[in-house]
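Q: my questions are about this predicted structure, shown below with the sequence.
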Amino acid sequence: MMTTSSKMPTLTRASARQTRVRRGATMRETRVAVVMRRGGREGGARAQKIVMKSEGSNVNPDIGVSCSIDDPSSCSLADLELMYVDALWNYYNGGKFTLSDEDYDRLREELNWQGSGFPTLRRYEIEFVQAAISYSRGESVVDDDKYEELKRRVKAEGKRTDVTALLLYTKGKELLDEAEFELLGAEMKKLGIEVGMKGATCTLSQTSTELISDTSGVFTMYAALATVPLLLGLSPSILLGFFGVHVPSGLSLGFAATLCAGLTYKLVNYTNLQNAEILIGACPCCEMPIKQFFGGESPAETFEHKCSACGTTCTLNRPKRLIETAGGFSRA
């Protein structure tokens, strides 16, 4: 599990209270409706979406059916990260904090416990997204020198750029029209940032890159293929037994084993299942189980896998037994 920095850029319970007092605003606690189709926090539970409804705020368009901030265990990691991003965005954009102190502490604690990197969300990342969105509108909230400096800082952060990609996607969809959003995506691509949800919420989550060989699965597969040939090999002895002809068990089993081996070999080659290897792992984003078959006369060394739950693509390396890339960033 990743350890996250305890430094939160000017965002403490005390500063949040001071901001609210200065503005004379009353804190509005987030009210979240729980309308779940969840089956627990296992397997692909993280891939399921939520809808968070905050009183007096817009619903994030990328959040689906609800989880409760009062019960973080009902939320996936992606749900919690999006909730956190919305709260931070509102705070850095005018000091309006949409979570109560207790809810904010609970959210940060859960994110830290799950190994998310979002509790270290940085002010300059928010500033960069604000500037990029404004430039896409033909406006300017910072001068060119400041914008170039923000670009350099974001680009230098390596895999944290996927955090920026998530912010750009969620806020760009919310604040820009279609043409402006396309312009934003094109400009960010020049910086090596793919604006989108793919891989964003899993970028900073600590998941294993290891692929494990499922030898029992391979054995079961070959055993299933050998079942019919084995029955064919035993059938002469069984039929002769019905007519009172006794066949020595050694001879019967020897014939059955020989026929079974020959027919199974032919069947394996015919179905292109030779050199079989089954590798299992977990999606680096939502932790949905991955189970991939490699086989044939010359098994492929790599395979591009797309998660059926969250859509994240990753490269499976058979010789190294590793998930090498996922969501556009290197895992090796």
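A: Yep, that arrived. Residues are numbered from 1 along each chain as shown.

Q: can you give me the buried ones in the longest helix seen in the chain?
A: Counting by DSSP state H, the longest helix found in the chain is helix 215-242. For helix 215-242, burial by neighbour count (16 or more other CB atoms under 10 Å) applies to 217, 218, 221, 225, 226, 229, 230, 233, 234, 237. Yep, even glycine has a C-beta here, placed from its N, CA and C like the rest.

Q: of all those residues, which comes closest to residue 184?
A: For the buried residues of helix 215-242, the minimum distance to residue 184 (CB to CB) is 45.0 Å, reached by residue 217.

Q: so that closest one touches residue 278, yeah?
A: Yes - using CB atoms under 8 Å as the test, residue 217 is close enough to residue 278 to be in contact (4.4 Å).

Q: which residues do the two both contact?
A: Contact criterion CB atoms under 8 Å, 6 or more residues apart in numbering; residues shared by residue 217 and residue 278: residue 291.

Q: what are the ranges of the helices in this structure?
A: 13-23, 77-92, 101-113, 123-136, 144-155, 161-175, 178-189, 215-242, 249-270.

Q: can you add distance to residue 67 and give the ones you listed back as JSON lines?
A: JSON lines is the format used below for those (distance: least, CB to CB, whole Å):
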{"stretch": "helix 13-23", "distance to residue 67": "22"}
{"stretch": "helix 77-92", "distance to residue 67": "5"}
{"stretch": "helix 101-113", "distance to residue 67": "11"}
{"stretch": "helix 123-136", "distance to residue 67": "24"}
{"stretch": "helix 144-155", "distance to residue 67": "30"}
{"stretch": "helix 161-175", "distance to residue 67": "17"}
{"stretch": "helix 178-189", "distance to residue 67": "27"}
{"stretch": "helix 215-242", "distance to residue 67": "34"}
{"stretch": "helix 249-270", "distance to residue 67": "47"}
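
Q: identify whichever of these lies nearest to residue 69.
A: Nearest to residue 69, of all the helices of the chain, is helix 101-113, at 4.9 Å by CB to CB.

Q: do you know the pLDDT at residue 39?
A: At residue 39, the predicted lDDT confidence score is 33.

Q: and for residue 59?
A: With respect to pLDDT, residue 59 has a value of 45.

Q: and residue 180, by the same measure?
A: pLDDT at residue 180 comes out at 89.

Q: in contact with the residue lying closest to it once chain neighbours are set aside, which residues are there?
A: In space, and not counting its chain neighbours, residue 180 is closest to residue 136: 4.7 Å by CB to CB, 6 or more residues apart in numbering. Listed by CB under 8 Å, 6+ apart, the contact set of residue 136 reads 172, 176, 180, 181, 183, 184, 187.

Q: and for residue 281?
A: 208, 209, 210, 211, 212, 289, 290, 316, 323.

Q: tell me the spacing between it and residue 219.
A: Relative to residue 219, residue 281 is positioned 19 Å away (CB to CB, to the nearest Å).

Q: shaky segments in the stretch 101-250 of the chain?
A: 114-121, 159, 197-207 (pLDDT under 70).

Q: which one (most neighbours) among the contacts of residue 136?
A: residue 184 (25 neighbours; other CB atoms under 10 Å).

Q: for that one, what are its contacts?
A: Residue 184 makes contact with 132, 133, 136, 168, 172, 176, 195, according to CB under 8 Å, 6+ apart.

Q: the same query, at a cut-off of 10 Å, please.
A: For residue 184, the contact set (CB atoms under 10 Å, 6 or more residues apart in numbering) comprises 129, 132-133, 135-137, 168-169, 171-173, 175-176, 193, 195.

Q: tell me which two in those residues are the farthest apart.
A: 137 and 193 (18.2 Å).

Q: quick one, which of these two is more surrounded?
A: residue 193 (23 against 14).

Q: what's residue 275 in contact with, if anything?
A: Contacts of residue 275 (CB under 10 Å, 6+ apart): 268, 294, 295, 296, 297, 298, 299.

Q: repeat that for 8 Å
A: Counting by CB under 8 Å, 6+ apart, residue 275 has contacts 294, 295, 296, 297, 299.

Q: let's see which of those residues end up in strands.
A: residue 294 (DSSP state E).

Q: between the contacts of residue 275, which sits nearest residue 257?
A: Closest approach between those and residue 257, by CB to CB: residue 295, at 23.8 Å.

Q: any idea of the pLDDT on residue 269?
A: Looking at residue 269, its pLDDT is 91.

Q: one step back: which of the contacts of residue 275 sit farthest apart?
A: By the measure CB to CB, 294 and 297 form the most distant pair in these, at 11.9 Å.

Q: and those two? Which one has more around it.
A: More neighbours surround residue 294 than the other of residue 294 and residue 297, with 18 against 8 (other CB under 10 Å).

Q: break the protein into its domains for me.
A: 13-189, 208-332 (automatic domain parsing).
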